[in-house]
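Enquirer: Pasting the sequence and the predicted model now:
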Amino acid sequence: MALCLILVLILVACGETVQVAEANGASEGEAIAVDTTTSGNTASSAASSSLSPTGSSVPASTTPTGSSSSTSASKSTSSSTVASTSSSSTPTTTAPPQTCTTADYTVTYPNDWHTAPTAYTCRLFSPAPIDIATEAEFRYEVELHILDRDFTDAINGFPGTATIVSDVGATVNGQVARTIEYTTNGDYPGPVHNRYAYLVDLGDRTLVAEASEYLDGSQATPDYTATKATVDQMMRDITLVLGTPSAKTTTCTADPNLAGVAIASDAGWDLDGDGANDLVELLDDPATTTGWLRATLTGGGVASGAISYLEDPSTAPAPLTLKLADLDAGNGAGLPEAVFVHSFGASSKNHGVMYLDGCQWKNPASDPTHGEPALATFAVATKSGAWGCEFGAHGEVEITASQREFGSDPNTPTAWRDDYWRFSNGAWQRVDGIDSTTSPGTSAPAVSAPCPFA
């Protein structure tokens with residue numbers, strides 16, 4: 001018993017060296033050595049307490065509010081160590097988004113996504129490259145396009161016969177908007193599926209940004225929820241082009257040969273992006289058979305172009321008319337085409353189309369194989385002709401030019417032909433056609449519904 005007491009006294013007399021983590025005097029992970037060989041009481045005090053932020057003494061096992069520590073201890077017969085540890089993680093970085101610009105907006109999209117080439121640049125977006133050359137129904141997750149309708153009309157007509165799942169008010173770049181999710185009802189390719197759209201008020205037009213659960217009629221979107229989130233982010237970052245005049249307001253000047261009296265007009269479009277609609281007029285030159293289109297821009301410029309033939313409006317049986325319409329639903333520069341009546345006989349009415357290229361109104365190029373569509377409505381004893389329109393899901397227009405020939409029965413054509421046309425980037429493209437020669441025994445299809453701008 002005496003021997004044990006002597007050993008205890010020796011240990012106390014020898015003392016220890018203790019390492020403690022200093023909260024405010026050492027860098028993270030370091031330890032401060034406190035020598036306790038001269039005073040055992042001092043060592044006991046340092047190891048059992050630390051100072052709080054206010055200077056008061058708190059037990060070492062207590063961590064002041066707002067701080068954290070992790071300690072571990074190892075003890076030998078000669079020393080005791082309290083070691084502090086810390087952990088750190090390498091922050092992840094995200095590549096900055098890509099940016100593209102059209103006449104109507106500047107938008108960002110994920111760095112690892114793609115936009116389509118040529119006419120669909122900055123309109124179609126997908127994580128995979130978009131091949132519009134080899135696929136009739138090319139695949140994409142997100143589409144932005146401009147509707148040739150004001151916001152109220154667009155909302156009232158959207159989304160057709162589909163079933164609305166949700167309809168929520170929103171704001172996009174300061175403009176009134178709505179987010180609408182809906183379930184298709186046979187109006188879109190593929191099985192019944194969901195779509196998610198933003199409609200944004202651009203004044204006389206409406207921006208639509210849309211995600212689909214299906215890329216096309218056969219392939220589902222890999223992650224519809226993620227695609228919706230991408231559209232949300234694009235709309236948070238988008239910059240709309242509103243109230244910014246283009247160079248047309250100062251650089252467009254009228255053709256020196258421009259002459260005539262306005263006989264029809266349409267002021268429903270902002271042609272130069274300054275936030276104000278511009279006046280487009282159909283002019284008749286009484287001295288010649290030439291007509292003209294003239295766009296008087298609110299900012300001061302004039303865009304014009306000659307029409308090779310315009311009937312004398314004073315002898316026409318009905319007024320010659322003019323209507324602006326976006327035949328290609330925002331394709332190219334997103335500007336409207338001018339559809340006008342250039343001749344009006346007793347039994348026929350012939351329309352022309354011109355498009356605005358820079359400061360000049362031009363005639364569209366013809367399809368190299370099939371010419372251009374006959375935009376005529378006529379009816380004689382043995383023949384009738386008409387043209388009508390069908391509208392795609394995104395506002396694009398397909399024009400049907402129909403001809404019917406009759407024998408003794410005026411109600412049953414003996415021969416017929418339909419040609420289907422689209423207008424894109426200043427040119428007519430014949431999409432398809434069907435006729436009684438290539439489809440014998442087939443009844444003539446019903447003529448498409450009349451075009452609202454006919």
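Expert: Ah, there it is.

Enquirer: Stretch 383-391: how far from the chain's middle?
Expert: Distance of stretch 383-391 from the chain centroid (CA atoms, centre = their mean, to the nearest Å) equals 32 Å.

Enquirer: quick check: mean pLDDT across it?
Expert: Model confidence over stretch 383-391 averages 89 on the pLDDT scale.

Enquirer: tell me which element the residue nearest in space to the middle of the chain falls in.
Expert: The geometric centre of the chain, computed from its C-alpha atoms, lies nearest to Leu144 (CA atoms, centre = their mean), at 2.5 Å. Taking DSSP states H and E as the criterion, Leu144 maps to strand 142-147.

Enquirer: And the helix or strand following that strand, what's buried?
Expert: Sequence-wise, the next helix or strand downstream of strand 142-147 (DSSP H and E) is helix 151-156. Residues of helix 151-156 classed as buried by neighbour count (16 or more other CB atoms under 10 Å): Phe151, Ala154, Ile155. Every residue, glycine included, has its C-beta placed from N, CA and C.

Enquirer: likewise stretch 314-325?
Expert: Neighbour counts using 16+ other CB under 10 Å place Ala316, Leu320, Thr321, Leu322, Lys323, Leu324, Ala325 of stretch 314-325 among the buried residues.

Enquirer: What of stretch 350-366?
Expert: Of the residues in stretch 350-366, Asn350, His351, Gly352, Val353, Met354, Tyr355, Leu356, Cys359, Gln360, Trp361, Pro364 count as buried by neighbour count, 16+ other CB under 10 Å.

Enquirer: now stretch 225-245
Expert: Taking 16+ other CB under 10 Å as the basis for neighbour counts, the residues of stretch 225-245 that come out buried are Thr227, Lys228, Thr230, Val231, Asp232, Met234, Met235, Ile238, Leu240, Val241, Leu242, Pro245.

Enquirer: Give the other helices and strands that the helix or strand where the fifth one lies contacts.
Expert: Think Asp232. With the criterion set as DSSP H and E, the secondary-structure element containing Asp232 is helix 224-237. Helices and strands touching helix 224-237, as assessed by 3 or more CB pairs under 8 Å, 6 or more residues apart in numbering; DSSP states H and E, comprise strand 105-109, strand 142-147, strand 194-201, strand 206-212.

Enquirer: Mind listing residues that contact stretch 144-155?
Expert: Contacts of stretch 144-155 with the rest of the structure, by CB atoms under 8 Å, 6 or more residues apart in numbering, involve 104-105, 107, 122-123, 125, 157, 176, 178, 199-210, 234, 325-326, 329-330, 334, 336, 394-395.

Enquirer: and those residues, which are buried?
Expert: Neighbour-count burial (16+ other CB under 10 Å) is assigned, among these, to 104-105, 107, 122-123, 125, 178, 199-202, 205-210, 234, 325-326, 329-330, 334, 336, 395.

Enquirer: mind listing what the residue nearest to Thr290 when sequence neighbours are not counted touches?
Expert: Excluding its sequence neighbours, the residue lying closest to Thr290 (CB to CB, 6 or more residues apart in numbering) is Ala306, at 5.8 Å. Under the criterion of CB under 8 Å, 6+ apart, the contact list for Ala306 reads Asp255, Asn257, Thr290, Gly291, Trp292.

Enquirer: Would you show me how to pick out the buried ones of the residues you listed in ChimeraX?
Expert: Applying 16+ other CB under 10 Å to the contacts of Ala306 leaves a buried subset, and the ChimeraX line that selects it is:
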select :255,290,291,292
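
Enquirer: So which of the contacts of Ala306 belong to strands?
Expert: Gly291, Trp292 (DSSP state E).

Enquirer: could you redo the contacts of Ala306 as JSON lines and give each row distance to Pro373 and pLDDT?
Expert: As requested, those are arranged in JSON lines below (distance: CB to CB, whole Å; pLDDT from 0 to 100):
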{"residue": "Asp255", "distance to Pro373": "27", "pLDDT": "94"}
{"residue": "Asn257", "distance to Pro373": "28", "pLDDT": "94"}
{"residue": "Thr290", "distance to Pro373": "23", "pLDDT": "92"}
{"residue": "Gly291", "distance to Pro373": "20", "pLDDT": "95"}
{"residue": "Trp292", "distance to Pro373": "23", "pLDDT": "97"}
